[in-house]
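Novice: Take a look and give me a structure for this.
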Amino acid sequence: MDDRARRDLIRLWLEKARDDLATAEDDLKLNHTRGAVNRSYYAIFHAATAALLWLGEERVKHSGVQSAFGERFIATGLFEPEYGRIYTRARKEREEADYQPASPVPTEAEANTRLDESRRFVMRVEQYLREVGALE
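Specialist: Numbers count the residues shown, from 1 in each chain. Take a look at the predicted model:
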């Protein structure tokens, strides 16, 4: 993939992440906390996918994106460790909300926390991508 195509794809992944954040906000306004937790996680997943793409990494599985993000950004010190913890919590809570019918519905406070952390994660990825020249 040439540099222009990679930059365009990074922008598309970030647009998806921002759309996920907006959808999570809408879900919260409607008290759809499971949906808000789900979309908050996907904002992180899509932003991490964009960041990895800048390094030439393309993964599709959730575990693969999370693992590669941890190896390439957290373990190397490019990102602060808190972003690894944010990713882990968001994925765990999304999987519980989506796949465990007996799990409690996330509270409004829990869903708000996931959304706030997801916003910070997306902003941090965008900051990094601007710093390295991936975004114009």
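Novice: moving C-terminal of the one helix or strand residue 44 maps to, what's the next helix or strand?
Specialist: Taking DSSP states H and E as the criterion, residue 44 maps to helix 33-54. As assigned by DSSP H and E, the chain's next helix or strand after helix 33-54 is helix 62-69.
Novice: Any buried residues in that next one, and which?
Specialist: Of all the residues in helix 62-69, those buried under the rule 16 or more other C-beta atoms under 10 Å are 65-66, 68-69. Yep, even glycine has a C-beta here, placed from its N, CA and C like the rest.
Novice: C-terminal to that helix, what's the next element?
Specialist: helix 81-99.
Novice: Pull out the CA atoms of whichever helix or strand comes after that following helix and give them to me as PDB.
Specialist: For helix 81-99, the following helix or strand on the C-terminal side (DSSP H and E) is helix 108-131. Extracted in PDB, the C-alpha atoms of helix 108-131 (Å, rounded to 0.1, in the frame of the first residue of the first chain):
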ATOM      1  CA  GLU A 108     -25.100   4.900  33.600                       C
ATOM      2  CA  ALA A 109     -21.900   5.800  35.600                       C
ATOM      3  CA  GLU A 110     -20.100   2.800  34.200                       C
ATOM      4  CA  ALA A 111     -21.100   3.600  30.700                       C
ATOM      5  CA  ASN A 112     -20.000   7.200  31.200                       C
ATOM      6  CA  THR A 113     -16.700   6.100  32.400                       C
ATOM      7  CA  ARG A 114     -16.100   3.900  29.400                       C
ATOM      8  CA  LEU A 115     -17.100   6.700  27.100                       C
ATOM      9  CA  ASP A 116     -14.800   9.200  28.800                       C
ATOM     10  CA  GLU A 117     -11.900   6.800  28.700                       C
ATOM     11  CA  SER A 118     -12.600   6.000  25.000                       C
ATOM     12  CA  ARG A 119     -12.600   9.700  24.100                       C
ATOM     13  CA  ARG A 120      -9.200  10.000  25.800                       C
ATOM     14  CA  PHE A 121      -7.900   7.000  23.900                       C
ATOM     15  CA  VAL A 122      -9.100   8.300  20.500                       C
ATOM     16  CA  MET A 123      -7.600  11.800  21.300                       C
ATOM     17  CA  ARG A 124      -4.300  10.200  22.300                       C
ATOM     18  CA  VAL A 125      -4.100   8.200  19.100                       C
ATOM     19  CA  GLU A 126      -5.000  11.300  17.000                       C
ATOM     20  CA  GLN A 127      -2.300  13.200  18.900                       C
ATOM     21  CA  TYR A 128       0.300  10.500  18.200                       C
ATOM     22  CA  LEU A 129      -0.700  10.300  14.500                       C
ATOM     23  CA  ARG A 130      -0.400  14.100  14.100                       C
ATOM     24  CA  GLU A 131       3.000  14.100  15.800                       C
END
